[in-house]
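*Asks:* here's my sequence, what's the structure:
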Amino acid sequence: MKFKFTLFFFLSVLGFSNLSYGQCSSGQTTRTFSFTGAVEQFTVPAGVTSITMSVRGADGGGDGTSDGGSGGTAIATFSVTSGEILDVVVGGVGMSSSSLGGGGGGGSGIIRQSTSSILIIGGGGGGASNGPGRGGNSSSGPMNINGGAVVGLGGSCSGCISGGFGLGNGFAGSASGAGGGGGGGIGGFLGNLAFPFPQGGGGGGSSFIDPSGISPSNVDGVDGAGNNENGSVTFCYDTPFCNGTDISGLQPPIISFIESTCDDNGIASGGSVVPPTAAIATLAAFGNTLQFFDFSSNSWTTTLPTYNQSQPITVRVRVACTSDLTQTGVERDFVSNPATCTAIPTMSQW
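*Replies:* This next block holds a predicted model:
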């Protein structure tokens, strides 16, 4: 529609495009979730202590003449613990109708599974009815109402259009008035209270950010700017690589041996583990350390194993990050092949 295109162009020129949201800083790891209609899980990677979460609610549905509101965006950084599980809900677009008010879009959000507490929600856009739907998070709409941590369809009713799947159900629309279901989010309001029309669209949901969130920010959706888009959830976090490099696939240098030999008396002599001096120096220049496994103490060390002149030994080696020894590369085993000698009896033994 001309109105929607003009509005999007105007906002883009002013720098308010939602394209800038959900983008991570250079060098950060990005994980984005799209709409599936089900709750998904994200396990916090090892070493990650904080995650910036960007959530956008889904757009509201249209009424055949006007478009629903676009979903709102909420952003904040939260402290996390390695291994903990976060439940991820991505809102679905509200249903459209040519004869009824459009359904509100589903809210997108994240729940800390261990405490069942909501961390953040981006409100779904409102459904259209006799005019454009309200944008999600809109400060002019209802705020902080009906904020239960409920995952499912937005407010639904008999004889009206349901809101989209999402986090934080809106109120149900009125069956007699055929109002659209409220948008997901904290306080998706029912259509007949949001608009005084008999076929009111579902109201947009407002955002929510837990007080523990760092640098919280909201970006309201735009009235009537819905583009029939589902919501999204993006995680941005620093991967604790060694000096910015992932060494998990790094192969250690080859370990070689000077093997023992049998002397004139049939006794094994000589032999050693050759220290990979050049490789150790190169690794050190990049902040890495070469480690050897000590089978006697069941631990890793930087001490080169001692050669055995008569028995094979296994030298297990890997690369580790000097500043964080929990970050390691590939482990490899190298086995010596000492001489097998048969002692020659001396004259006194004959």
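
*Asks:* so how far is Thr342 from Cys262?
*Replies:* To Thr342, Cys262 is 8 Å away according to C-beta to C-beta, to the nearest Å. For every residue, glycine as well, the C-beta is placed using N, CA and C.

*Asks:* have a look at the two and say which one is more surrounded.
*Replies:* More crowded of Cys262 and Thr342, by other C-beta atoms under 10 Å: Cys262, with 18 against 7.

*Asks:* quickly list what the more buried one is bridged to.
*Replies:* Here Cys262 shows beta-bridge partners Ala268, assigned using DSSP bridges.

*Asks:* ok, now which ones touch it?
*Replies:* Residues in contact with Cys262 (C-beta atoms under 8 Å, 6 or more residues apart in numbering) are Ala268, Ser269, Ala339, Cys341, Thr342.

*Asks:* can you put the residues you listed in a markdown table and add distance to Gly102 and pLDDT?
*Replies:* Compiled in a markdown table, the contacts of Cys262 are given as follows (distance: C-beta to C-beta, whole Å; pLDDT from 0 to 100):
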| residue | distance to Gly102 | pLDDT |
| --- | --- | --- |
| Ala268 | 87 | 92 |
| Ser269 | 89 | 92 |
| Ala339 | 85 | 94 |
| Cys341 | 89 | 91 |
| Thr342 | 92 | 88 |
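
*Asks:* farthest-apart pair in these, please.
*Replies:* Maximum pairwise distance among the contacts of Cys262 (C-beta to C-beta): 14.0 Å, between Ser269 and Thr342.

*Asks:* show me where the stretch 1-150 of the chain has its helices.
*Replies:* Taking DSSP state H, counting those that start in this stretch as the criterion, the stretch 1-150 of the chain carries its helices at 2-14.

*Asks:* number of nearby residues for the residue nearest to Ser269 when sequence neighbours are not counted?
*Replies:* In this structure, Ser269 finds its nearest non-sequential neighbour in Asp263, 5.1 Å apart by C-beta to C-beta, 6 or more residues apart in numbering. Other residues near Asp263 come to 13 when the count uses other C-beta under 10 Å.

*Asks:* can you check Gln251 too?
*Replies:* Applying other C-beta under 10 Å, we find 12 other residues in the vicinity of Gln251.

*Asks:* before we move on, what about Thr36?
*Replies:* Thr36, neighbours per other C-beta under 10 Å, totals 13.

*Asks:* enumerate every residue touching it.
*Replies:* Contacts for Thr36 (C-beta under 8 Å, 6+ apart) come out as Val90.

*Asks:* can you give me the neighbour number for the spatially closest residue to Phe33 that is not a sequence neighbour?
*Replies:* Of all residues not flanking Phe33 in the chain, Val233 sits nearest, at 4.3 Å (C-beta to C-beta, 6+ apart). Neighbourhood size, Val233 [other C-beta under 10 Å]: 27.

*Asks:* now swap in Thr303 and tell me
*Replies:* When neighbours are counted by other C-beta under 10 Å, Thr303 registers 9.

*Asks:* can we start the residue count at 267 from this point?
*Replies:* Shifting the count to begin at 267 puts that one at Thr569.

*Asks:* contacting residues around Pro311?
*Replies:* Thr295, Ser348, Tyr503, Thr505.

*Asks:* tell me the most packed of the residues you listed, by neighbour count.
*Replies:* Taking other C-beta under 10 Å as the neighbour criterion, Tyr503 ranks highest of these with 21 neighbours.

*Asks:* was I right about that one contacting Gly313?
*Replies:* No - using C-beta atoms under 8 Å, Tyr503 is not in contact with Gly313; the gap is 9.7 Å.

*Asks:* low-confidence stretches in this protein?
*Replies:* Across the chain, the ranges flagged by pLDDT under 70 are 267-288, 293, 367, 395-472, 506-507, 509-510, 612-616.

*Asks:* for the residue found closest to Phe523 once you drop the neighbours it is linked to in the chain, give me its contacts.
*Replies:* Distances taken as C-beta to C-beta, 6+ apart put Ser602 closest to Phe523, at 4.6 Å, once the chain neighbours are dropped. Counting by C-beta under 8 Å, 6+ apart, Ser602 touches Phe523, Glu525, Gly537, Val539, Tyr573, Asn574, Pro578, Ile579, Val581.
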